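S.K.: Fold the stuff below for me.
(4 chains)
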There are 4 protein chains.
Amino acid sequence: MADGTVKTSSKTGTPAQSGKVIGRSNITSDQQAEIDAQRASLSHTRRPTVPALEEVLYKPVPLLDHGFVRVVDYFGDDGAIVQAARVSYGKGTKKVSDDRNLIRYLMRHRHSTPFEMCEIKLHVKLPIFVARQWIRHRTANVNEYSARYSILDREFYVPVPAQLAKQSKTNRQGRGDTLEGSAAEEALATIENLSAEAYSAYTRLLNEDQQGGVIDASKDGLARELARMVVPTNFYTQWYWKIDLNNLFHFLSLRADAHAQYEIRVYADAIAALVEKWCPLAFEAFRDYRMTGSAISGPGMQVIKRLLAGETVTQAESGLSKREWGELMQVLGRE
Amino acid sequence: MADGTVKTSSKTGTPAQSGKVIGRSNITSDQQAEIDAQRASLSHTRRPTVPALEEVLYKPVPLLDHGFVRVVDYFGDDGAIVQAARVSYGKGTKKVSDDRNLIRYLMRHRHSTPFEMCEIKLHVKLPIFVARQWIRHRTANVNEYSARYSILDREFYVPVPAQLAKQSKTNRQGRGDTLEGSAAEEALATIENLSAEAYSAYTRLLNEDQQGGVIDASKDGLARELARMVVPTNFYTQWYWKIDLNNLFHFLSLRADAHAQYEIRVYADAIAALVEKWCPLAFEAFRDYRMTGSAISGPGMQVIKRLLAGETVTQAESGLSKREWGELMQVLGRE
Amino acid sequence: MADGTVKTSSKTGTPAQSGKVIGRSNITSDQQAEIDAQRASLSHTRRPTVPALEEVLYKPVPLLDHGFVRVVDYFGDDGAIVQAARVSYGKGTKKVSDDRNLIRYLMRHRHSTPFEMCEIKLHVKLPIFVARQWIRHRTANVNEYSARYSILDREFYVPVPAQLAKQSKTNRQGRGDTLEGSAAEEALATIENLSAEAYSAYTRLLNEDQQGGVIDASKDGLARELARMVVPTNFYTQWYWKIDLNNLFHFLSLRADAHAQYEIRVYADAIAALVEKWCPLAFEAFRDYRMTGSAISGPGMQVIKRLLAGETVTQAESGLSKREWGELMQVLGRE
Amino acid sequence: MADGTVKTSSKTGTPAQSGKVIGRSNITSDQQAEIDAQRASLSHTRRPTVPALEEVLYKPVPLLDHGFVRVVDYFGDDGAIVQAARVSYGKGTKKVSDDRNLIRYLMRHRHSTPFEMCEIKLHVKLPIFVARQWIRHRTANVNEYSARYSILDREFYVPVPAQLAKQSKTNRQGRGDTLEGSAAEEALATIENLSAEAYSAYTRLLNEDQQGGVIDASKDGLARELARMVVPTNFYTQWYWKIDLNNLFHFLSLRADAHAQYEIRVYADAIAALVEKWCPLAFEAFRDYRMTGSAISGPGMQVIKRLLAGETVTQAESGLSKREWGELMQVLGRE
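M.R.: Got it, this is the predicted structure:
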């Protein structure tokens, strides 16, 4: 089943971040039933609520060919950030009567603790190699599906052709342009075939099928914690991931960035869209100051001031290295 | 006003942990109005709610003579702990059909991450010397009232006579029995008078009264960030404090303990009572395994086994130091 | 090469934790040269040093068939723990004149901060599935080899026959007894063949061999960050891992434990042996109170007291669940 | 003694950050003896050492009237940062052959983990109100002198006249110009007298003098954990503080900043000078990119680009608020 789905989705090249439900391949019927149940129950609360986020609560946003992200809980909102700041600065903040300006002031001056007063919990299904990058962010709480206890599903990531990128010639970590024709076909076939073989080796080692049914009653299976070792990192895992807004902004600043690998960026982009629903003022400030903003070095600021003063400045006498100069000119749109 | 209240409360010796509202001295009319407004608003949510905690949401629990703790937000409940554990162990947990047993199993075996899936935010008003112990717990988020920006209120802690303990003779950090008669009177007078003098020195330095009114128009005041330095650590501060349940349990295991200083213990006890409303199953497991439980060393277990086997064991040949032996016998109720 | 080595080591079944250098398969000649250079340089320092640890500094301890752990830096020693405790408790600790007793007291009463004053940095080479468990410990610093930038070596873990365990019937996460004869042969062959195929798929996707040489000049290779997705989790990665002694003890209490998976336990055991060289008094206390010690619940202590009083106690009226009772009896060696 | 010293130092107005040893008032003879012993012992080590830091190891840098900071241990250096980066990026970093450029690249692109591979431990003596700001930085290890166990020394901070600043009219948290003449005299007298009274109240409550001698044998003293509550926050405490270089840079970026309170800034400045000895390349990069650099918002960059293009831009149509515009013009030196 998964295999079929993979082929389809990879052939049709559904853009991963489209949000269009790809269906069974992303959500199992059990999960769908659980989600419906969660969304059905409605209670009263004295806590602040965010209607725009309640609207999508528990709803999975499909990502890649089998993944998703969904909000399973949250607390706090733009108001909680303002409230925390006003406790700290007391009468000192009375003057900044406007919440938006206060939040922008906090973001601009890296007064980060008020943003820690908002917390969100996500349920994420993602390829193992993406999970390995993600987990580097240590200031979060995680509960991951364990293959020591349970059998992994036969679900593995196969890029859509548009994402079959060559190694960049210029950037050791980046992607170049896309493979075409037979090269692309071969790459897809290699990934799909190896993944399929790996999963069949996995079940042979377990002597169990995906449903936990014994394959050959005359044999014993290898322990799950051992059999899992043959599973490649494009197979999917899932976890609950809980983090405060300040640390989530740090995650987004690195993972929703152009330098991030596409497969984790689609998750970061989807989460960014959820944060915009959750705390619109904080997100706007984050976007203006962190995502679209630039950090200019001291020597770099000197160059800018001289340029503004009408001077001609060359890299040679700027005090910047070639690389630093190149990056500065790029930021100034002078290249 | 504060001064009067202090005298009264200290004389009458209202037990700090009684929970009986002491009134104005703990909550200002502004705070009361804010609290009423917060409790009035009721919205719908798809998030799990805990009725028993909603019942007391925002309500301050008065502590000591001017302090309080109140829940301002929370997410998760016993169900969220179970849900996180089942994600980790998958089908592996299906067998433990009962939530209570699963939670006790997690607590017993220090599988702590599922408890991190619950988060709570408290608003706490506490003496500075208590805040200084409290802040040692680093895995929490804090926004504290800042005396760089705003003027401190004239509110300072004076122990009730029942808490005017002598230095313990046996324990370098503990308290002995209580001071009596004139000794107690003198101690109270010393604390109250020094506190009153300190506050008047503080306002003289500021050249401002508590309401921010200028005292002597012909003079300039010292910067707030400097003037605050003469305020003793029995003055009250306040903060928003946010923490996950696993780290909160660690806090409680140290601060709701008999070795903790009384003035922080009353806060820990009040928080423990709130956690019991919030996550009753997790709290029960915490109480059984962490609060009332005992950690026995390997050599200590050998002694217990030998005793159970009917042997007579002496400290000399137990392999335990006098101190270790004493502590073990105490745990076994053999002293 | 790697393949040959794997076969040999798996056939000969060299016990992973033996410490006997398995040679090239664990250390490359480049690494050996770097190690020799590091060990050659000797300087003067005013810092406290630990001769027993200096003795093994940089030396890799071979683990599993291609892994190792080695100390690359450290600071602090038993003396630093005592020094930190004496700063905290000041004259209060003068009475405990003996360092060993002070350290044991700190460990017994979970005064953990003095242990945080010791820090160690390790260089570890380990299978990806082990790294995935290891990284759950968030209070550490990590720099891992990145397959976005560089090509993975052809080194994968194949268990020695003695470790080819069946799934435990009783314990969802544990191992049962060992596979034998043809079953073992088949399992080994499955793991080795799938690993070999995966690596060849990996290099085909890259269109590069292990040395980075182009395989087919007429073709383009897939980006490294994509090609790596077909690599199974039994392939080796490596990282620098830095942690303080208190958090390291927490890591060891979980990973050097009988419930930990064998493949991570061999690393924990090797690290424990290094810690014993580094801080012998702290390690002894850790072993006595944490590793060989037992946490008894409140209800459990009641049972012990009744047994010591000569009463007969049954699970039924003990207030313990069957499972809790079973675990208690096991600790008391009554089963 | 302390009192005398205080008066002198405050009168003579020795600039706190001068580094000139103020002597007995900062270091006790016991501490001096310990320091001499520490500096005397020299051992061999295979660990990387930093001669420039070894040179000042253990030596206290006097700060304010009674405080100091000194390095008591460290590990790592610029080389350790490079080493960690090369492990992560493997062959990917071979191209950046130059260590300085690699470190600057890491700093510029916020690749912060390699900087976490350096760790330092400081012994700091500081006023309590400074310690309260300092402790907000949670990613560090701390062991503080405890007044529950031991008696506080009679040492309190009194600003030098040059630091007796008025409350700023423009900035809620900042300082204005300095108090003069009688106003200054009065402020100093108020601080000194209140501090002296507080300490005498403290010893009366303890019924012990600074050396722990009983004052009135016919009376009992109050428990130390209670008596300390009357001590103002300008009294000195001390602690061991351990932190990695990445988090230390974050601390310095906030506390060595013009917006930081003078009394904590002198500590941050002194630590910055020590870091420059320890990791000169990393410090240079930190200074250029973080301390002297500027974070420009997206809208702000648009303004800069338009200005560079020769356009006239006004706040009104810049999309920036008055405050944001003002801050941008300040950064560009256009005010």
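
S.K.: I'd assumed A:Lys166 was in a helix, is it?
M.R.: No. Assessed by DSSP: H, G, I helix; E, B strand; the rest coil, A:Lys166 does not belong to a helix; its assignment is strand.

S.K.: Is A:Met301 in a helix, a strand, or coil?
M.R.: A:Met301 - assigned by three-state DSSP - is helix.

S.K.: what pLDDT does A:Val124 get?
M.R.: pLDDT for A:Val124: 97.

S.K.: Could you count how many residues lie near it?
M.R.: Residue neighbour count, defined by other CB atoms under 10 Å in any protein chain shown, stands at 24 for A:Val124. The way it works is simple: take the backbone N, C-alpha and C, and place the C-beta from them, glycine included.

S.K.: Please look at it and A:Lys242 and confirm they touch.
M.R.: No. A:Val124 lies out of contact with A:Lys242 (CB atoms under 8 Å); the separation is 11.0 Å.

S.K.: Show me what counts as buried in stretch A:253-271.
M.R.: Within stretch A:253-271, the residues that qualify as buried are A:253-256, A:260-271, counting by 16 or more other CB atoms under 10 Å in any protein chain shown.

S.K.: So which residues of the stretch 1-150 of chain A form helices?
M.R.: A:2-12, A:29-40, A:51-56, A:78-89, A:99-108, A:128-134 (DSSP state H, counting those that start in this stretch).

S.K.: Would you mind listing what in the stretch 151-300 of chain A touches chain D?
M.R.: Counting by CB under 8 Å from any CB of the partner chain, the residues of the stretch 151-300 of chain A lying close to chain D are A:172-173, A:254, A:259, A:287-289, A:291-300.

S.K.: at 6 Å what do you get?
M.R.: A:Arg172, A:Asp288, A:Tyr289, A:Thr292, A:Gly293, A:Ser294, A:Ala295, A:Ile296, A:Ser297, A:Gly298 (CB under 6 Å from any CB of the partner chain).

S.K.: Now neighbour count too, for these, in CSV please.
M.R.: Output for these, formatted as CSV (neighbours: other CB atoms under 10 Å in any protein chain shown):
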residue, neighbour count
A:Arg172, 20
A:Asp288, 20
A:Tyr289, 22
A:Thr292, 15
A:Gly293, 20
A:Ser294, 18
A:Ala295, 16
A:Ile296, 24
A:Ser297, 25
A:Gly298, 15
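
S.K.: so which of those residues comes closest to chain C?
M.R.: Using CB to the nearest CB, A:Arg172 comes nearest to chain C of these, at 5.1 Å.

S.K.: Longest helix in chain A, please.
M.R.: helix A:181-206 (DSSP state H).

S.K.: Give me the next element, helix or strand, following that one.
M.R.: helix A:224-227 (DSSP states H and E).

S.K.: Against which helices or strands is the next helix or strand after that next one packed?
M.R.: The helix or strand immediately downstream of helix A:224-227 is strand A:236-244, counting by DSSP H and E. Strand A:236-244 sits against strand A:119-127, strand A:141-144, with contacts defined as 3 or more CB pairs under 6 Å, 6 or more residues apart in numbering or on different chains; DSSP states H and E.

S.K.: gap between the last one and the chain center?
M.R.: Mean-position distance between strand A:141-144 and its chain equals 15 Å (CA atoms, centre = their mean, to the nearest Å).

S.K.: Could you see whether chain B lies near it?
M.R.: Yes. Counting by CB under 6 Å from any CB, chain B has neighbours in strand A:141-144: A:Asn141, A:Asn143.

S.K.: can you redo the helices and strands packed on strand A:236-244 as a markdown table with distance to A:Tyr58?
M.R.: Putting those into a markdown table (distance: least, CB to CB, whole Å) gives the following:
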| stretch | distance to A:Tyr58 |
| --- | --- |
| strand A:119-127 | 8 |
| strand A:141-144 | 17 |
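
S.K.: In chain A, where is pLDDT below threshold?
M.R.: A:1-25, A:90-97, A:170-174 (pLDDT under 70).

S.K.: residue furthest from the geometric center of it?
M.R.: A:Ser218 (44.7 Å; CA atoms, centre = their mean).

S.K.: right, and out of the residues of the stretch 151-300 of chain A next to chain D, which lies closest to chain B?
M.R.: The closest of these, once distances to chain B are taken by CB to the nearest CB, is A:Tyr289, at 20.2 Å.

S.K.: Mind giving me the packing neighbours of the longest helix of chain A?
M.R.: Counting contacts by 3+ CB pairs under 6 Å, 6+ apart, helix A:181-206 packs against helix A:224-227, helix C:181-206.

S.K.: Throw the ones you listed into CSV and include mean neighbour count, thanks.
M.R.: Below are the helices and strands packed on helix A:181-206 laid out as CSV (neighbours: other CB under 10 Å):
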stretch, mean neighbour count
helix A:224-227, 25
helix C:181-206, 19
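
S.K.: Serialize the ones you listed to CSV and add fields for distance to A:Ser318.
M.R.: Output for the helices and strands packed on helix A:181-206, formatted as CSV (distance: least, CB to CB, whole Å):
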stretch, distance to A:Ser318
helix A:224-227, 57
helix C:181-206, 39
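
S.K.: wait, doesn't A:Phe283 sit right on A:Glu276?
M.R.: Yes. When contacts are counted by CB atoms under 6 Å, A:Phe283 is listed as touching A:Glu276 (4.5 Å).

S.K.: Around chain B, which positions in chain A sit nearby?
M.R.: So chain A meets chain B at A:42-47, A:49, A:54, A:57, A:73, A:75, A:84, A:87-92, A:113, A:116-117, A:119, A:141, A:143, A:145-146, A:149-150, A:240, A:242 (CB under 6 Å from any CB).

S.K.: Buried among those? Make that a PyMOL selection.
M.R.: Buried members of the residues of chain A next to chain B, defined by 16+ other CB under 10 Å, are picked up in PyMOL with:
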select buried, chain A and resi 45+46+47+49+54+57+73+75+84+87+88+89+90+92+113+116+117+119+141+143+145+146+149+150+240+242
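
S.K.: Ramachandran angles for the closest residue to A:Val331 other than its chain neighbours?
M.R.: The shortest distance from A:Val331 to any non-neighbouring residue, by CB to CB, 6 or more residues apart in numbering or on different chains, is to A:Ser294 (4.9 Å). The phi/psi pair for A:Ser294 (degrees, to the nearest 10) reads phi -130, psi 140.

S.K.: Test my guess that A:Ser294 contacts D:Ala295.
M.R.: No. At 7.5 Å, A:Ser294 and D:Ala295 do not qualify as touching, with contact defined as CB under 6 Å.

S.K.: Relative to chain B, how far out is A:Phe286?
M.R.: Per CB to the nearest CB, to the nearest Å, A:Phe286 is found 18 Å from chain B.
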